[in-house]
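Chemist: coordinates only, no sequence provided:
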């Protein structure tokens with residue numbers, strides 16, 4: 001009697017956009033080169049019969065090597081056969097239970113995971129939909145959700161005793177107006193640096209004007225995105241801030257327009273902007289993004305942190321909806337992952353990347369690229385090899401599964417229009433069926449007030465991503481930088497940056513390796529990209545992504561001394577919890593390195609007068625067509 005136990009047929013999914021690319025594990029019966037489940041063959045043997053041998057025939061002994069005679073059909077014992085069959089099937093069932101949960105990444109086999117089956121044995125109750133109730137990723141080790149070392153670090157951005165109150169430092173008749181540009185997070189860097197620039201100039205800052213005419217086409221002003229009153233009051237001791245431009249004789253004073261180089265140092269501001277401010281009194285800086293150096297005195301760096309992590313608070317309406325979405329995610333699972341997918345058509349077109357979509361993809365992305373006349377031709381394959389291209393949704397899903405996140409993990413995806421639509425998202429949704437966005441978590445009525453404003457929609461995503469247990473940044477744009485730094489500041493929450501350069505060859509050859517080998521190699525190449533403290537050496541990395549001067553380390557549980565990661569400053573924490581800085585140089589200090597201009601871009605001013613005076617018209621949309629900075633600006637906008 002032969003009984004064969006086979007795996008039930010799994011319908012294959014359509015290929016992504018019909019592209020020619022390596023076999024996906026959902027379409028391949030043997031994912032990542034792993035052999036399929038063996039066919040279990042159960043052979044039932046009969047017991048030894050006590051029948052006397054016939055005359056003239058020797059007594060036959062059992063076959064060697066464990067082989068048995070087959071039972072004659074006429075003497076088969078049905079009851080014994082059923083019992084042995086049940087035992088064999090039970091053994092096979094137990095062997096499947098013992099398989100590791102990531103042995104097969106296909107989500108349709110998630111119910112075979114050891115965790116789910118252990119839960120089923122303990123709690124056999126199912127929901128009305130047939131889904132397993134209560135099953136979540138809580139049995140996964142905490143180490144993949146949070147860093148064990150995170151509790152040893154904390155944000156510390158209080159100013160030193162050398163940082164004089166703004167009521168003393170602010171000079172009369174000095175006003176700074178800045179016009180930011182780009183998307184929400186690019187504008188955020190401009191706002192942060194505008195406060196520091198006003199402090200350097202000892203000037204009063206007018207609440208920054210947000211970009212309303214560029215790529216993002218958002219008409220929101222500052223008070224419609226950020227809590228303006230909180231912003232002004234929180235920073236009152238650092239910088240004097242007013243809501244409207246100053247008036248003289250009942251009329252607004254006409255500002256003098258300027259633009260400084262990117263990454264302008266404090267000395268640069270004092271040499272270039274201050275002389276004009278002393279003459280004109282009101283200075284208006286345009287295209288204000290990344291116009292301040294990362295090489296600053298520690299007190300100025302800490303001021304940056306106070307602005308970015310404390311003073312910039314979103315409006316109540318934005319905050320309320322975001323908190324509802326976070327609560328709804330928490331109701332679904334104890335932990336959740338937030339993913340900034342960044343796989344929109346404009347991003348792919350601008351990056352010059354290619355994802356195997358054939359002539360259709362080349363034609364569509366080339367049409368988008370024609371919007372920017374100054375973009376140079378890039379080698380798509382070279383870009384992928386160098387890690388300059390976002391991972392596909394499928395690749396992100398495979399990376400996360402390889403890192404240990406099971407298919408029952410809940411993912412919140414922050415993204416705009418995905419290139420290829422649902423066909424592109426299908427592999428990611430198959431790997432992680434618990435797929436959520438702000439659109440799926442909220443009602444039409446809840447989302448309606450924000451739909452026409454890209455920055456307000458981005459703000460909702462920003463808050464949810466910030467509160468997630470794991471944040472995955474699929475590129476190194478502005479949102480990734482700001483959130484990476486913020487999550488470091490508030491306790492080193494797990495932040496995963498795909499090591500795209502090392503992952504790319506693994507994705508290319510994954511069809512020729514086992515899943516275990518693939519997962520092991522992914523975990524190896526991702527070391528140093530998982531949001532652990534000290535992944536980035538002190539003094540390295542862009543400040544907004546790595547605010548080292550604002551993060552302190554606890555030296556021991558009983559010690560009151562907290563050592564800064566940057567290694568050259570210390571704070572003493574007294575019994576009241578108030579930090580007092582010691583060993584700091586007096587403010588301000590400008591080193592020769594900062595003053596030599598090595599951190600600035602090419603200076604278009606060749607007159608030697610030390611000033612950059614813009615003569616562009618008042619309409620900033622005309623300025624954006626200026627050739628020398630068009631491509632860098634677009635690169636920042638599209639990386640938001």
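Modeler: Received, thanks. Treat the numbers as computed from the prediction; the structure is a model and nothing was measured.

Chemist: assign a three-state SS to residue 361, would you?
Modeler: helix (DSSP: H, G, I helix; E, B strand; the rest coil).

Chemist: with the one 4 residues further on instead?
Modeler: Using three-state DSSP, the secondary structure recorded for residue 365 is helix.

Chemist: which residues touch the closest residue to it other than its chain neighbours?
Modeler: Using Cβ to Cβ, 6 or more residues apart in numbering and skipping residues adjacent in sequence, the residue nearest residue 365 is residue 349, 4.3 Å away. Every residue, glycine included, has its C-beta placed from N, CA and C. Counting by Cβ atoms under 8 Å, 6 or more residues apart in numbering, residue 349 makes contact with 365, 366, 368, 369.

Chemist: which strand or helix spans residue 349?
Modeler: Using DSSP states H and E, residue 349 maps to helix 345-351.

Chemist: ok, residue 229 next?
Modeler: Residue 229 belongs to helix 228-234, assigned by DSSP H and E.

Chemist: cool, and residue 424?
Modeler: Going by DSSP H and E, residue 424 is in helix 421-431.

Chemist: adjacent strands (with direction) for the following helix or strand past that helix?
Modeler: As assigned by DSSP H and E, the chain's next helix or strand after helix 421-431 is strand 435-436. When pairing is defined by DSSP bridges, strand 435-436 lines up against strand 410-414 (parallel).

Chemist: quick one, the partner strand and helix 421-431 angle?
Modeler: Counting by axes from the mean of the first three to the mean of the last three Cα atoms, to 10 degrees, strand 410-414 lies at 150 degrees to helix 421-431.

Chemist: so what touches strand 410-414?
Modeler: Taking Cβ under 8 Å, 6+ apart as the rule, strand 410-414 contacts 136, 325, 329, 332-333, 335-341, 432, 434-438, 441, 461-462, 464-465, 468, 479.

Chemist: let's see 7 Å
Modeler: 329, 332-333, 336-341, 432, 434-437, 461, 464-465, 468 (Cβ atoms under 7 Å, 6 or more residues apart in numbering).

Chemist: and if you look at stretch 163-175?
Modeler: Under Cβ under 7 Å, 6+ apart, the answer for stretch 163-175 is 201-204, 206, 236-240, 246, 277, 281-282, 299, 587.

Chemist: now stretch 433-445
Modeler: Contacts for stretch 433-445 (Cβ under 7 Å, 6+ apart): 107, 321, 325, 328-329, 332, 407-413, 429, 447, 460-461.

Chemist: mind checking pLDDT for the nearest residue to residue 256 once chain neighbours are set aside?
Modeler: Leaving out its chain neighbours, the residue that sits closest to residue 256 by Cβ to Cβ, 6+ apart is residue 280, at 3.7 Å. With respect to pLDDT, residue 280 scores 96.

Chemist: can you check residue 226 too?
Modeler: 98.

Chemist: gap between it and residue 400?
Modeler: 33 Å (Cβ to Cβ, to the nearest Å).

Chemist: what of residue 413?
Modeler: With Cβ to Cβ as the criterion, residue 413 and residue 400 are 12 Å apart.

Chemist: with residue 548 instead?
Modeler: Taken as Cβ to Cβ, the span from residue 548 to residue 400 is 28 Å.

Chemist: looking at the two, which is more packed in?
Modeler: residue 400 (26 against 20; other Cβ atoms under 10 Å).

Chemist: got the phi/psi numbers for residue 241?
Modeler: Dihedral pair for residue 241: phi -130, psi 130, per degrees, to the nearest 10.

Chemist: go ahead and confirm it touches residue 203.
Modeler: No - assessed by Cβ atoms under 7 Å, residue 241 is found out of contact with residue 203, at 10.5 Å.

Chemist: for the stretch 501-640 of the chain, which residues score under the pLDDT cut-off?
Modeler: For the stretch 501-640 of the chain, residues meeting the criterion pLDDT under 70 lie at 538-540, 556-640.

Chemist: pull the helix or strand with minimum mean pLDDT from this structure.
Modeler: helix 592-595 (a mean of 28; mean pLDDT, DSSP states H and E).

Chemist: hang on, the earlier thing: so among the contacts of residue 349, which ones count as buried?
Modeler: When the contacts of residue 349 are checked for burial by 16 or more other Cβ atoms under 10 Å, the buried set is 365, 368, 369.
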